[in-house]
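Undergrad: Show me the folded form of this:
(2 chains, ligands or ions: 2)
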Amino acid sequence: MKFDVVGTSPVRLDAYDKATGKSRYTDDEPLPGVLYGAIAFSPVSHGLLKSVDVSKAKALPGVVKVMVAADLGDKYANNIGAVRADQPLLAYDHLRWRGDRLAIIAAESPEIARKAASLVTAEIEELPVIHTSEEALAEGAPKLHEMGNLADSMCIRHGDVEKAFSESPIILDNRYVVGYQDHAYLEPNSVVAIPGADGSLLLRGSMQAPFYVQGALAKVLKKPMSKIRVQQATTGGGFGGKEDYPNEPSAVASVLAFETGRPVKVIYNREEDLAYSTKRHSMIIEHKLAAKEDGTITAIKVKAICDAGAYLGISSIVAERANASATGPYRSPNVQVDTLVVYTNNAFGGAFRGFGAPQVTFALERQMDLLAEKVGVDPVEIRRRNTFSAGEISPLGDVVEADVNAMRVLELAAKKTPILKELKKGKEAHIKRGIGLAAVRYGVGLHAGGQRLEGSGALVQVNIDGSVRVNIGGAELGQGAFTAMAIIAAETLGVSYGRIYVGEADTMLVPDSGPTVASRTTVMSGNAVKDGCLIMKERLLKCAAADTGRKAGELDIKGDALIDKKSGEIIMDFATLANKAYCAKVNLVANGWYAPDRKIWNKEVGQGQSYTTYAHAVMVAEVAVDTITGQVHVEKMHAIHDVGQAIHHKGIEAQIEGGVVQGMGWAIMEELVIKDGKMLNPNFTDYIIPTIQDIPEIKITLLERPYKNGPYGAKGIGEPSLIPVAAAIGNAVANALKKPVMELPMNPERIKLNLLNK
Amino acid sequence: MKVDVHVTVNGRPTIWQVEDGERLLDTLRKNGHTEVKEGCGGGECGACTVALNGEIICSCCAFTQQVEGADIVTAAWVAEHNPALIDSLVNHNAVQCGFCTPGVVVAADNLLKKCTCNRHKLGTKEIKDNMEGNICRCTGYIKIIEAIAAAAEEERHEV
Ligand code: FES
Ligand code: FES
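TA: Numbering: from 1, shown residues only, chains lettered A, B, ... in the order given. Ligands and ions are numbered 1, 2, ... in the order given. You can find the predicted model right below:
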């Protein structure tokens, strides 16, 4: 199909303002009378809270308000749990992790607020710390919540694994351990709460799910949602980290704002952000795979244990995707997956680009390479033998879609990268080189378990000067969502990209559109924008027909003008048309809406239609491992992605490059050091993320086959770009060292240990 | 106790009254230079990069009292005086969330100045060596490198 705007790469809507420093992020907005909030966090990882002493904090000049749990009284609800009411806004009785809040403070400056927080003391009886999820599940472990430490679980039951294990000649039974990852978006969590005289509230902040924040604030403040307006300010990155966590600083700021009657900003510093915001879950994955002699998989049994930390947050939802991703793009007649979500005193597990899939993909793709080795075929061939195709029943119990691209991306990878080529030996004998690949089947959008949130809205307004404003419920985190929306709007309305302005996400303008996660915005909000624009276009053409005495069906809007479809004759320009429509009293605001079909899902056995559609990718990594220092150098990455139709080419490349580098960080360098529940490295000197010196050469191959239900054929790309990265690097390192790689991150310490193991 | 500090910011002579021990980053932001961002406060990320007397520094690591008499340049100045660099970053899609970008802009402008003096072609290694203090979590750096290299080439052909 030929498009006018789709598939070109116009300059991002926000690029100039951001590059020149004009964009205002939350803390950049001048606000008279603003106070600064700070939080006194728990000094222990587990304990009983006897009392909190805030007298010194209160006495500090410049402090306006100090609150502990008791001060919330009946006016506020002391509950900030996103999915389950297991998390207090202010701690009382039981302290479960270092992120629990003893007191919150509002003061005239951020320095005074933090100083006051440091003056808060507490009487605490310490309790034994639960260090790992396995410890938490052990008999006699101290209970973090009344229900016990197993917070949630989900499963897949498909066929009979035990029978297959007893009959299969090849069994690979391994245990994989993967570490946490911090999002390290460059702008730490930031919000500002502005109380209205009529009891309403305006909350602005750095976030990816304004509707989550609105819901959480309504609960905490005990106010109707109609009185709570949440706007997403320009946001300095999210990657999942600003999905549900902003509920917490938002609630802190809002309570303090109502108590003081003044706007309150809560701006985390990097240390607070690293220590207390959510993380990619650390997981233990027991993976048992059975196959025939030729490598055909007969059974997969997985037990994935996710360390949720002290509260559930949205761990259940993350675990749901881990659960559904455990078998990848492979057929297996017998599958048993159990995914457990476990309470501990560790870091707070949450959403992070990939959402549970990168961890299980690492385990699965390592197993696939071990299987290839056992069978004596190459890594492509083993995957070729097991990748399913259209019409088969997948291990999730659904019929594999007719346009499935799993095999296509694999063959592209095989064709375009020298998987089997003998790698150049390093000049020095201590440098070992390796190559590895990994595949992913990514469910675009929300899992069936969360499908009630999937509906998405858009508002399209045409002004009498011919300019167009679009608002969506999705957020711009830096990924380029608003630019993609402008492209879709321009394409649909037949006007130029420059006419479209996309305003910030605002709960008062667009109906609840769910969170900006799951690589869903291009498809969901994009379809909503297209819907709104089609409604608008129909109205404009109807009006034009009446005005010109022609039939609406003979008219079209193209190239910023009303034209005669057949002859191409330009009848009037778009602004004239808009003005005419206004004078003819046409409603120039349209509401677009999109919701995918309802999916049938049986949670008891984990079978059904998990996702609306899937995006496939194969990642190939080439590494050089220095066996003296233990350092892994990722030299080349080749990303092969099924993207449907690209809406913005450079934007897709940028997403992939960013995802690859972030995934590489998790694979080889990023490690949250947690001792007795306390993060020991909450800074970028010790929590090391990739710099410009660390990046590999990245080659990108796009498979563009339009997706029938995507706007102009588009699919999501945000997460598939990261998910297979660590797995591919892991396979490459194993290939280089000729040793199994069972843990992430593959930092020098682990590589050296690995080399010492026989 | 406030003290007076005399500086030139983006070409304009200014007197700041600052608290003892105030960070240059905070003074700049309080005085409307919110283009200077705080990403870490510890000299680790480069979001707060400014040029001080022609050398790039992390403004979160300098005390304002120490910069008496200095000439300070932020991204807002570069935007006005080196629009070609901004164009290049924008056209290469090297801006995503944008929080690192003002720092990147200052560091890149500084590098381009140095390399125009020498009139040599700017290689990837030199770009990496000069930009390693600027962390970007969104782009994977590739488009930043391409944008700076292209801006340098353009400048070289102009001279
Ligand atoms: S804020 Fe100064 S280096 Fe990060
Ligand atoms: S663009 Fe987001 S950190 Fe660089």
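Undergrad: Report how many residues lie close to the residue nearest to B:Ala149 when sequence neighbours are not counted.
TA: Nearest residue to B:Ala149 in three dimensions, chain neighbours excluded: B:Leu122, at 5.9 Å (CB to CB, 6 or more residues apart in numbering or on different chains). Backbone N, C-alpha and C define where each C-beta goes, glycine included. Neighbourhood size, B:Leu122 [other CB atoms under 10 Å in any protein chain shown]: 23.
Undergrad: In terms of pLDDT, where does B:Leu122 sit?
TA: pLDDT, B:Leu122: 90.
Undergrad: which SS state does it fall under?
TA: coil (DSSP: H, G, I helix; E, B strand; the rest coil).
Undergrad: From chain A, how far off is it?
TA: From B:Leu122 across to chain A, the span is 14 Å (CB to the nearest CB, to the nearest Å).
Undergrad: wait, what's in contact with that residue?
TA: Counting by CB atoms under 8 Å, 6 or more residues apart in numbering or on different chains, B:Leu122 makes contact with B:111-112, B:115, B:148-149, B:152-153, B:156.
Undergrad: That one and B:Ala151, how far apart?
TA: Per CB to CB, to the nearest Å, B:Leu122 is found 9 Å from B:Ala151.
Undergrad: residues shared between the contacts of these two?
TA: Shared contacts of B:Leu122 and B:Ala151, defined by CB under 8 Å, 6+ apart, are found at B:Leu112.
Undergrad: Chain B against ligand 1: which residues are in contact?
TA: Selection of chain B residues close to ligand 1 by CB under 6 Å from any ligand atom yields B:38-41, B:43-48, B:58, B:60.
Undergrad: Go through the residues you listed and flag which are in strands.
TA: Applying DSSP state E to the residues of chain B next to ligand 1, the entries found in strands are B:Cys58.
Undergrad: Pick out the residue in the stretch 351-500 of chain A sitting closest to chain B.
TA: Going by CB to the nearest CB, chain B is nearest to A:Gly478 of the stretch 351-500 of chain A, at 2.7 Å.
Undergrad: That residue sits in which helix or strand?
TA: Per DSSP states H and E: A:Gly478 is located in neither a helix nor a strand.
Undergrad: which residues touch it?
TA: Shown in contact with A:Gly478 (CB under 8 Å, 6+ apart): A:235-238, B:96-99, B:138.
Undergrad: In helices, which of the residues of chain B next to ligand 1 appear?
TA: Judged by DSSP state H, helices contain none of the residues of chain B next to ligand 1.
Undergrad: near chain A too, which of the residues of chain B next to ligand 1?
TA: Subset of these in contact with chain A: B:38-41, B:44-45, B:47, counting by CB under 8 Å from any CB of the partner chain.
Undergrad: what's the closest non-adjacent residue to the residue nearest the centre of chain B?
TA: What sits nearest the mean C-alpha location of chain B, by CA atoms, centre = their mean, is B:Val106, with 2.2 Å. The shortest distance from B:Val106 to any non-neighbouring residue, by CB to CB, 6+ apart, is to B:Thr49 (4.7 Å).
Undergrad: how close does that neighbour sit to A:Gly237?
TA: 17 Å.
Undergrad: Break chain A down into its domains, please.
TA: For chain A, automatic domain parsing gives the domain ranges A:31-127+A:183-276, A:283-448+A:601-756, A:455-594.
Undergrad: can I get the ones you listed in JSON lines with distance to B:Gly11 and mean pLDDT?
TA: Listed next are these as JSON lines, based on distance: least, CB to CB, whole Å; pLDDT from 0 to 100:
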{"stretch": "domain A:31-127+A:183-276", "distance to B:Gly11": "27", "mean pLDDT": "98"}
{"stretch": "domain A:283-448+A:601-756", "distance to B:Gly11": "29", "mean pLDDT": "95"}
{"stretch": "domain A:455-594", "distance to B:Gly11": "31", "mean pLDDT": "96"}
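Undergrad: Need the ones you listed in a markdown table (columns: distance to A:Asp160).
TA: Below are the domains of chain A laid out as a markdown table (distance: least, CB to CB, whole Å):
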| stretch | distance to A:Asp160 |
| --- | --- |
| domain A:31-127+A:183-276 | 33 |
| domain A:283-448+A:601-756 | 6 |
| domain A:455-594 | 32 |
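Undergrad: Which among the ones you listed is found nearest to ligand 2?
TA: domain A:31-127+A:183-276 (4.0 Å; CB to the nearest ligand atom).
Undergrad: and that closest one, anywhere near ligand 1?
TA: No. Domain A:31-127+A:183-276 does not reach ligand 1 (CB under 6 Å from any ligand atom); its nearest approach is 7.5 Å.
Undergrad: So for the helix or strand where B:Val3 lies, mean pLDDT?
TA: B:Val3 belongs to strand B:2-9 when assigned by DSSP H and E. The pLDDT scores in strand B:2-9 average 96.
Undergrad: In contact with the residue in the stretch 301-450 of chain A that ligand 1 sits nearest to: list those residues for me.
TA: Going by CB to the nearest ligand atom, ligand 1 is nearest to A:Phe352 of the stretch 301-450 of chain A, at 21.7 Å. Residues near A:Phe352 by CB under 8 Å, 6+ apart: A:181, A:183, A:239-241, A:278-280.
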